[in-house]
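**Q** Sequence below, structure please.
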Amino acid sequence: MWQDIFSFFLENRQFIYVILLSILLGIEVISNVPAVLHTPLMSGANAIHGVVIVGAIIVMGHAAPDDYLSLTLGFLAVILGTLNVVGGFVVTNRMLSMFKRKK
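**A** Numbers count the residues shown, from 1 in each chain. Below you'll find the predicted structure:
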């Protein structure tokens, strides 16, 4: 068992390095974002996640009709991606409404 895990890491070490580097880079970038900009950046990033919805629809379209795992995961991804996108727009709308002048 340990030999299989070790051989997996040896065979895929370049991908593992890329993932570790992207995690460290993401932590460094996000930790240096001022608190004032955090909400607009996060709401914009949530809106960009519409790509997840498109990818999930493509997966569901290419899945065999009897492949329930792919269809279920694709459906779940569409639902969660939609919630993420809508949530991003709701947060942006609420944030922008704080800056409007009251009548």
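**Q** Near Gly88, how many residues? Count them for me, please.
**A** Gly88: 19 surrounding residues under other Cβ atoms under 10 Å. The C-beta positions use only the backbone N, C-alpha and C, and glycine is treated the same way.
**Q** Pull out the buried residues from the particular helix or strand that has Ile79 in it.
**A** Using DSSP states H and E, Ile79 sits within helix 68-97. Neighbour counts using 16 or more other Cβ atoms under 10 Å place 74, 77-78, 81, 84-85, 88, 91-92 of helix 68-97 among the buried residues.
**Q** At the geometric centre of the protein, which residue do we find?
**A** Central residue of the chain (Cα atoms, centre = their mean): His49, 5.9 Å from the mean position.
**Q** wait, isn't it in contact with Gly87?
**A** No. Using Cβ atoms under 8 Å, His49 is not in contact with Gly87, being 9.7 Å away.
**Q** Now tell me which helix or strand of the chain has the poorest mean pLDDT.
**A** The least trusted helix or strand in the chain, going by mean pLDDT, DSSP states H and E, turns out to be helix 35-48, with a mean of 71.
**Q** And the next helix or strand past it?
**A** That would be, after helix 35-48 and using DSSP H and E, helix 50-62.
**Q** related to what we said a few turns ago, tell me what angle the helix holding Ile79 forms with helix 50-62.
**A** 160 degrees (axes from the mean of the first three to the mean of the last three Cα atoms, to 10 degrees).
**Q** Near Pro40, how many other residues are there?
**A** 13.
**Q** So Gly50 is in contact with Ala77, correct?
**A** No. The pair Gly50 / Ala77 is not scored as a contact, 11.9 Å apart, by Cβ under 8 Å.
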